[in-house]
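Student: need a structure here:
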Amino acid sequence: MWPCGEQDLRSKSRGANRKVKLPRQCAILVGGLGSRMGQLTAQTPKPLLDCADRPFLAWVLRELVRFGIEEVVLLAGYKSEQITDFCLAVPAFLPKPLSVKVSVEPTRAGTGGAVWYARDLLDDTFLLINGDSWIDTNLARFLAMSAEVPDALGCILLKEMEDCSRYSTVELRGNRVVRFHEKASSNSPGLISSGIYMFDKDMFSFLTPECSLEIDVLPRLAEKGLLYGQVFEGYFIDIGIPADYERAGEELPRRLMRPAVIFDRDGVLNEDAGWVGTIDRFNWIRGAKDALRHVNDMRLHAFVATNQAGVARGLYTEDDVESLHSHILRDLLCYGGTIDDLRFCPFHPTAAVEAYRRESSWRKPGPGMILDLLDRWGVDGRNCILVGNMETDLCAARNAGIAGRLYSSGNLLEFIAPIVAHLAHKS
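Tutor: So this is what the prediction gives:
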């Protein structure tokens, strides 16, 4: 993979001064009529239909925040006032903060038109997804791969299906999309769009105020050689028909309330040089990025819980720690992996800095950080393992009622692989 810093990659063939960024923003198409759903969508936009204990769209947002998405723009049309009301409820459904904006098309504009009307709200590089479907895969790999394509305006995450009778299919030549085909008349296999795209803002020149992304825009991008596709495996759900909507309510909680690996940081993910709190002192342990990405590939949560007594000692600040963790996440996203969430404890009972001088249940061997992660993400502690390099880590795991494993040295991927296999088997 190309070197990546500050979440951007430099394009070689489209100009040395042009930057292609991994997205922090996702636009979501939520304006369709949902006519195939009959009475189910007569009063409710399809993405807001109840799915288990929350709207389907809330499940999608919960997944997006795992992969560095900090802001979403909801592209609304039908019953747009309900979409606006949903924004107020979003924090209750999510384990991490997310900024939510709404763009309302003034008339029925089509999927491409919806993007056109939101163009002033969208970043130079953005993710675009359908609000009524999802594929459970390591989205970080798709983002990193897409950012590496130097001459594309767009990339599609593709899914291989045995029965494509409900979908148009996509033809690839290498990784380049060359053609779209109408829905098959028989139950034939093929590649379909998962409804997840990554676009460069230059694609706006292919949009008009009323157009279809699928009919008018994507085929033109493919014809000009500006559209790429990446094939990924994973559970796929599209609630476009009542039977699949009913299935989603049964399957999504089981699929997305996933097991977790919680990593200690210093001495496990990075070399322990003593109170590492700034970017210049951070060096990955051998195999650490591969280990985290493997956890993502196996569709498990990857969390971090770390004591940071260096703050209490006055060696660095909480802001320094936050900056370092942002750097770690950007570096990992460029590598095709992610850390779903992270906790750190700056307190110590004998701290040099008075503001941090106190006992805290978050400081390991206390279980506070672990329990907070499990609670926020709805993880069953029986399906969770902490990996640490000290007895205090294992004691924290016991105090939280979860399993712990002691890592001492060597390639972290080799150490973690059997642990992940065990957890994945339980999911």
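Student: low-confidence ranges in the chain?
Tutor: Residues of the chain that meet the criterion pLDDT under 70 lie in 1-20, 184-186, 427.
Student: next, the spatially most central residue of the chain: phi, psi?
Tutor: Compute the mean C-alpha point of the chain, and by CA atoms, centre = their mean the closest residue is residue 67, 2.7 Å away. The phi/psi pair for residue 67 (degrees, to the nearest 10) reads phi -120, psi 40.
Student: residue 271 contacts residue 286, correct?
Tutor: No. Applying CB atoms under 8 Å as the test, residue 271 and residue 286 come out as separate, 9.3 Å apart. Every residue, glycine included, has its C-beta placed from N, CA and C.
Student: mind checking the SS state of residue 385?
Tutor: strand (DSSP: H, G, I helix; E, B strand; the rest coil).
Student: skipping adjacent residues, who's closest to it in space?
Tutor: residue 403 (4.7 Å; CB to CB, 6 or more residues apart in numbering).
Student: excluding its backbone neighbours, what's nearest residue 393?
Tutor: Nearest one to residue 393, counting by CB to CB, 6+ apart, is residue 264 at 4.9 Å.
Student: ignore what I typed, I meant residue 225.
Tutor: residue 176 is the one closest to residue 225 (CB to CB, 6+ apart), at 6.3 Å.
Student: partner residues bridging that neighbour?
Tutor: residue 173, residue 228 (DSSP bridges).
Student: pull the number of nearby residues for it.
Tutor: By the other CB atoms under 10 Å criterion, the neighbourhood of residue 176 contains 16 residues.
Student: check the gap between it and residue 226 for me.
Tutor: 9 Å (CB to CB, to the nearest Å).
Student: so residue 33 touches residue 78, yeah?
Tutor: Yes. Residue 33 lies in contact with residue 78 (CB under 8 Å); the separation is 5.2 Å.
Student: you'd agree residue 74 is in a helix?
Tutor: No. Secondary structure of residue 74 (three-state DSSP): strand, not part of a helix.
Student: how many residues are close by it?
Tutor: By other CB under 10 Å, 28 other residues sit near residue 74.
Student: so what's it up against?
Tutor: 27-28, 30, 83, 86-87, 100-103, 131 (CB atoms under 8 Å, 6 or more residues apart in numbering).
Student: now these in a markdown table, with distance to residue 125, neighbour count and secondary structure?
Tutor: Shown next, in a markdown table, are the contacts of residue 74 (distance: CB to CB, whole Å; neighbours: other CB atoms under 10 Å; DSSP: H, G, I helix; E, B strand; the rest coil):
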| residue | distance to residue 125 | neighbour count | secondary structure |
| --- | --- | --- | --- |
| 27 | 11 | 27 | strand |
| 28 | 16 | 25 | strand |
| 30 | 21 | 28 | coil |
| 83 | 24 | 25 | helix |
| 86 | 26 | 22 | helix |
| 87 | 23 | 16 | helix |
| 100 | 19 | 18 | strand |
| 101 | 17 | 14 | strand |
| 102 | 21 | 18 | strand |
| 103 | 18 | 22 | strand |
| 131 | 20 | 27 | coil |
